[in-house]
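Colleague: Predicted model follows, preceded by the sequence.
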Amino acid sequence: MFGKVFLIGAGPGDPELLTVKGARLLQAADVIVYDRLANADLLDYCRPDAEFIYAGKAPQKHRLSQDEINKILVEKGQAGFQVVRLKGGDPFVFGRGGEEAQVLHAAGVPFEVVPGISSAIAVPAYAGIPVTQRHVAPMVTIVTGHQAHDRDPVNVPWEELPVQGTLVILMGVRHLENILDRLQAGGWPANTPAAMIENGSLPGQKQVVAPLGQLATAARERDIRPPAVIVVGEVVRLQQEIAWFDPLSLANHLSF
């Protein structure tokens, strides 16, 4: 008799942003296959006798390939185990959760998707940037800056993206200058407010705000590194009024 695989979103980083359902399933799981961006503190929810499999998934340095991960999920599910696939953010927002669900379906292994809080929304929020705002940004476009098996983000039609509302780019650090040049070529003005937020929602969060044409230089000076979220649009100005998160305060709180 087959077990079941749960594709669970771990949220943007802060372990308290995991859903109640995700926490309950972690507590009951026999096997946990987890990514680098899933906060390791979440493993404290798990049974001590559970099997832990680290999938890695750092940029250009994967502990396990996607094919290997798929094989593990199928084999463990077919063996009758309750399996949690713990993924940073939301499984279906550039998390390859859909690919894993397809593989499980093809193998006849029961599965369930437990959505998580996507970094595309939560990380800007932790920087005081709402991705939508009445009269300012009635729409938001979410794009990946990284394509599988692609050394350059050419598969994204950057010059054709809507030049309105808010643009949120995930996994765009590696190709930042290329992306920004192409956005401007597509009509985004160089003086458009923009931001980059690294390690959003965590004690190590840091960010930089600059006009779009100067963002790459500002990010280098601030030494912004992955994981980071890029936000482009007038909503970035709002962080001057509604920035609320103090990473230092959180770090001090977590140290007790």
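Modeller: It's in.

Colleague: Quick check: phi and psi at residue 79.
Modeller: Main-chain torsions, residue 79, degrees, to the nearest 10: phi -80, psi 0.

Colleague: all numbers from here: first residue = 510
Modeller: Will do, 510 is the new start, and the previous item becomes residue 588.

Colleague: ok, now which ones touch it?
Modeller: Residues in contact with residue 588 (Cβ atoms under 8 Å, 6 or more residues apart in numbering) are residue 512. (C-beta placed from N, C-alpha, C; glycine too.)

Colleague: now do 10 Å
Modeller: Residues near residue 588 by Cβ atoms under 10 Å, 6 or more residues apart in numbering: 510, 511, 512, 539, 540.

Colleague: How is the nearest residue to residue 564 once chain neighbours are set aside classified with respect to secondary structure?
Modeller: For residue 564, ignoring the flanking residues on the chain, the nearest one in space by Cβ to Cβ, 6 or more residues apart in numbering is residue 573 at 4.8 Å. Secondary structure for residue 573, judged by DSSP: H, G, I helix; E, B strand; the rest coil, is coil.

Colleague: Let me see the ranges of the strands in the stretch 560-709 of the chain.
Modeller: Assigned by DSSP state E, counting those that start in this stretch, the stretch 560-709 of the chain shows strands spanning 560-565, 591-596, 620-623, 649-653, 675-679, 702-707.

Colleague: With mean neighbour count, distance to residue 685 and mean pLDDT as added columns, please give those strands in a markdown table.
Modeller: As requested, the strands of the stretch 560-709 of the chain are exported to a markdown table (neighbours: other Cβ atoms under 10 Å; distance: least, Cβ to Cβ, whole Å; pLDDT from 0 to 100):
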| stretch | mean neighbour count | distance to residue 685 | mean pLDDT |
| --- | --- | --- | --- |
| strand 560-565 | 15 | 23 | 94 |
| strand 591-596 | 27 | 24 | 98 |
| strand 620-623 | 18 | 31 | 98 |
| strand 649-653 | 17 | 13 | 97 |
| strand 675-679 | 25 | 9 | 98 |
| strand 702-707 | 25 | 8 | 98 |
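
Colleague: Kindly reformat these as JSON lines containing distance to residue 581.
Modeller: Converted to JSON lines, these look like this (distance: least, Cβ to Cβ, whole Å):
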{"stretch": "strand 560-565", "distance to residue 581": "6"}
{"stretch": "strand 591-596", "distance to residue 581": "8"}
{"stretch": "strand 620-623", "distance to residue 581": "14"}
{"stretch": "strand 649-653", "distance to residue 581": "24"}
{"stretch": "strand 675-679", "distance to residue 581": "25"}
{"stretch": "strand 702-707", "distance to residue 581": "30"}
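
Colleague: Of those, which is nearest residue 634?
Modeller: For those, the distance to residue 634 is smallest for strand 702-707, at 9.9 Å, taking Cβ to Cβ.

Colleague: Relative to the closest one, what are the paired strands and their orientations?
Modeller: strand 715-720 (antiparallel), strand 737-741 (antiparallel) (DSSP bridges).

Colleague: how about those, which one is nearest residue 565?
Modeller: Proximity to residue 565 (Cβ to Cβ) singles out strand 737-741 among these, at 18.7 Å.
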